[in-house]
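Colleague: Could you work out the structure for the sequence below:
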Amino acid sequence: MDDKNLMIRVLEWATKQEKFTFQELCAAVNLSEVEQDQLKLLIHHKSLLFHRHSTFISSVDKPDSNIDIFASADDHFKYLEYVELQEARESAKDANKKSLVAIWIAVVSMFGSIGFSIASMVSDINVPDKLYGAIQSTNQNVLNELVGVRKEQTELNDKLELIEVKNVCLINTDPTYK
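Modeller: Numbering: from 1, shown residues only. Below you'll find the model as predicted:
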């Protein structure tokens with residue numbers, strides 16, 4: 001539906017009025033002859049707007065006709081539904097635009113992430129001098145400790161061999177052992 005629709009124009013104007021005549025309605029909404037005839041039938045059959053006159057269609061064209069017409073609750077609801085539909089369409093368009101922007105941001109960030117990952121895999125690793133020095137000194141300390149442990153183990157092995165040799169000698173010299 002567009003705003004040029006007869007029903008929408010009539011309902012928009014009529015729901016803002018307390019009561020009015022058919023001539024006031026036609027003048028305010030700027031209806032053509034065909035639209036006036038259509039509207040007469042709609043009002044006469046009470047499909048649109050409300051009146052309290054039994055012969056509306058035959059009486060409305062008389063120059064001294066003062067038949068009061070007003071928008072019923074149903075007419076108000078029809079117009080409110082139209083307004084809500086228009087707002088829902090605008091909201092849907094806005095949500096569509098925002099979702100497309102979000103999708104494009106996600107796609108751009110995905111390709112950016114891929115690009116940065118590839119660039120970091122291809123580039124040389126740059127270790128700062130301070131970190132390199134700290135790693136070097138830690139490795140040297142560990143190496144010194146390992147050398148110390150190795151010396152102690154060698155000394156312990158030598159002592160163990162000496163103890164074994166002494167035990168073997170003592171066993172060989174013991175007359176009760178044979």
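Colleague: C-alpha only now, for contacts and for neighbours.
Modeller: Will do.
Colleague: surely residue 48 meets residue 75?
Modeller: Yes. Contact criterion C-alpha atoms under 8 Å: residue 48 and residue 75 qualify, at 6.7 Å.
Colleague: quick one: which helix or strand includes the spatially most central residue of the chain?
Modeller: Centroid-nearest residue in the chain: residue 99, 7.0 Å away (criterion: C-alpha atoms, centre = their mean). Assigned by DSSP states H and E, residue 99 belongs to helix 73-122.
Colleague: For the residue nearest to residue 51 when sequence neighbours are not counted, list each beta-bridge partner.
Modeller: The shortest distance from residue 51 to any non-neighbouring residue, by C-alpha to C-alpha, 6 or more residues apart in numbering, is to residue 69 (4.8 Å). Listed by DSSP bridges, the beta-bridge partners for residue 69 are residue 20, residue 51.
Colleague: Double-check residue 69 against residue 48; I have them as touching.
Modeller: No. Using C-alpha under 8 Å, residue 69 makes no contact with residue 48, being 10.2 Å away.
Colleague: thought residue 56 was touching residue 44?
Modeller: Yes. Residue 56 is in contact with residue 44 according to C-alpha under 8 Å; the separation is 5.7 Å.
Colleague: Quick check: the gap between the residue nearest to the centre of the chain and residue 9.
Modeller: Relative to residue 9, residue 99 is positioned 34 Å away (criterion: C-alpha to C-alpha, to the nearest Å).
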